[in-house]
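>>> turn this into a structure:
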Amino acid sequence: MLEVFGPVGISAMTDHILAAYEQDIRIRIDGLEPANDRGYRVNAHEVDAGPIYADANVIVTAFSVNHGSWPNAFGYKFLSDDRTIVISGDTRPSESIVEQCNGCDVLIHEVYSQAGFATRAPEWQRYHASFHTSTYELAELANRARPQLLILYHQLLWGQSEEQLLAEIRERYDGRVVWGRDLQVY
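Residues are numbered from 1 along each chain as shown. As a prediction, the model looks like this:
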């Protein structure tokens, strides 16, 4: 069973997604396709800021971030015996990320290209500036958060290349930064 953790509303969202896929689930479970009748099930946990999960290997803490007009948006801190990892979630620059990272081993943060942003229509610039983080803003944030490794994800290029986006960050941040890729190990 998939365990999902998120702010108030995650349970309703999960229920609606399962309802949208109800026919597909029924065909896979009751039809000729050999299927796992438990694989689609989800256990949603609505959480507030603070510790949300712990076992012998890790403690996970949710913390508030600023995602425009969303009333509840979280980043997550994973603390184990040998590593601290902070994930920004969708956010504009948030002081809580600096506080949670505070020299962490890995900071995984969303980012958009500042040069690409300049090509966007004004209404999109207003939106992205309120909900997301530019390369220059992330560089400033990373200088204060001091992660050992900064991994970029949810990258918005808008006509720029991966190398151009990384160069924008490196103009203002000289720490170790990499382009996050699915299934990579860092």
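>>> from here on, just use CA atoms for contacts and neighbour counts.
Fine.
>>> so which residues of this structure form helices?
Taking DSSP state H as the criterion, the chain contains helices spanning 10-20, 22-30, 95-101, 114-117, 122-131, 135-145, 162-172.
>>> confidence score at residue 95?
Predicted confidence (pLDDT) for residue 95: 96.
>>> by how many degrees do the helix or strand of the chain with the lowest mean pLDDT and helix 10-20 diverge?
Every helix and strand of the chain was ranked by mean pLDDT, DSSP states H and E. The lowest is helix 22-30, at a mean of 86. Following axes from the mean of the first three to the mean of the last three C-alpha atoms, to 10 degrees, one obtains 70 degrees for the angle between helix 22-30 and helix 10-20.
>>> give me the buried positions along helix 22-30.
Going by neighbour count (16 or more other C-alpha atoms under 10 Å), the buried part of helix 22-30 is 25, 29.
>>> from residue 76, how far out is the residue lying farthest from the centre of the chain?
Most distant residue from the mean C-alpha position of the chain: residue 32, 37.5 Å away (C-alpha atoms, centre = their mean). Between residue 32 and residue 76 the computed distance is 41 Å (C-alpha to C-alpha, to the nearest Å).
>>> related to what we said a few turns ago, closest one to residue 48 among the helices of the chain?
Closest to residue 48 of these is helix 10-20 (C-alpha to C-alpha; 11.6 Å).
>>> other SSEs contacting that closest one?
Contact partners of helix 10-20 among helices and strands, from 3 or more C-alpha pairs under 8 Å, 6 or more residues apart in numbering; DSSP states H and E: strand 42-46.
>>> circling back: columns distance to residue 182 on top of the helices of the chain, output as a markdown table?
Below are the helices of the chain laid out as a markdown table (distance: least, C-alpha to C-alpha, whole Å):
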| stretch | distance to residue 182 |
| --- | --- |
| helix 10-20 | 23 |
| helix 22-30 | 26 |
| helix 95-101 | 22 |
| helix 114-117 | 23 |
| helix 122-131 | 23 |
| helix 135-145 | 21 |
| helix 162-172 | 15 |
